[in-house]
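> no sequence for this one, just the structure:
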């Protein structure tokens, strides 16, 4: 039995187990953003179409599930940068990623109070995600500068700061729409001057 467990440690999860995990994360994200940290894990399992044992096998605690939801959002954002860079013109990839970043900020704001309930706190989690996010924006801006679509003096972190700054007015119900409009303004303002 011990040998079998040791052999399974380095193995990739089965396809059905991976699908279950992804469904659980999707349902949990919606539940956390609607209700906060006090979601019913049994309801998450039921809405995901899995039993409670399957949920707990993937996520032994509420904190583990919450952390996994947050990490999956960051990973989605990082993967999108690579996909956009591969399939879009540089400035279009930058715009698409910034719009996705607005959605990420909206989700983060909704689950941030729940993240703050983690025993170790969210600082390590935010530190790791910060590196992934800044790496993505740096790559996108560098590519857009090299193509001549964006001014060479543009600081990628300024773009992030501007978008995060808009999120500080999140008490206004339509702030995500405002942030999306701001993305267009930021792109226009980042174009090379004649």
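Yes, it's here. Just so we're clear, the structure is a prediction, and the values are computed from it rather than from any experiment.

> Going by C-alpha atoms from here, please, whenever you check contacts or count neighbours.
OK.

> All the helices of this protein, in order from the start?
Using DSSP state H, the helices of the chain run over 2-9, 15-35, 41-48, 52-58, 62-87, 90-115, 123-147, 156-167, 175-189.

> what does the second one rub up against?
Defining contact as CA atoms under 8 Å, 6 or more residues apart in numbering, one finds that helix 15-35 is touched by 38-39, 44-45, 47-48, 50, 55, 58, 65-66, 68-69, 72, 107, 110-111, 114.

> How about the fourth one?
Where contact means CA under 8 Å, 6+ apart, the residues beyond helix 52-58 that reach it are 21, 24, 41-42, 45-46.

> about what we covered before: among the contacts of helix 15-35, which ones are buried?
39, 44-45, 48, 50, 55, 58, 65-66, 68-69, 72, 107, 110-111, 114 (16 or more other CA atoms under 10 Å).

> care to break the protein down by domain?
Domains of the chain are assigned by automatic domain parsing as 1-60, 61-194.

> follow-up on the earlier one: closest one of the contacts of helix 52-58 to residue 85?
Closest approach between the contacts of helix 52-58 and residue 85, by CA to CA: residue 21, at 27.5 Å.

> what number of residues lie near that closest one?
20 (other CA atoms under 10 Å).

> can you tell me how far it sits from residue 62?
14 Å (CA to CA, to the nearest Å).

> Is it correct that residue 129 is in contact with residue 73?
No - here residue 129 does not reach residue 73: they are 9.4 Å apart, not a contact under CA atoms under 8 Å.

> Report how many residues lie close to residue 60.
By other CA under 10 Å, the residues close to residue 60 number 12.
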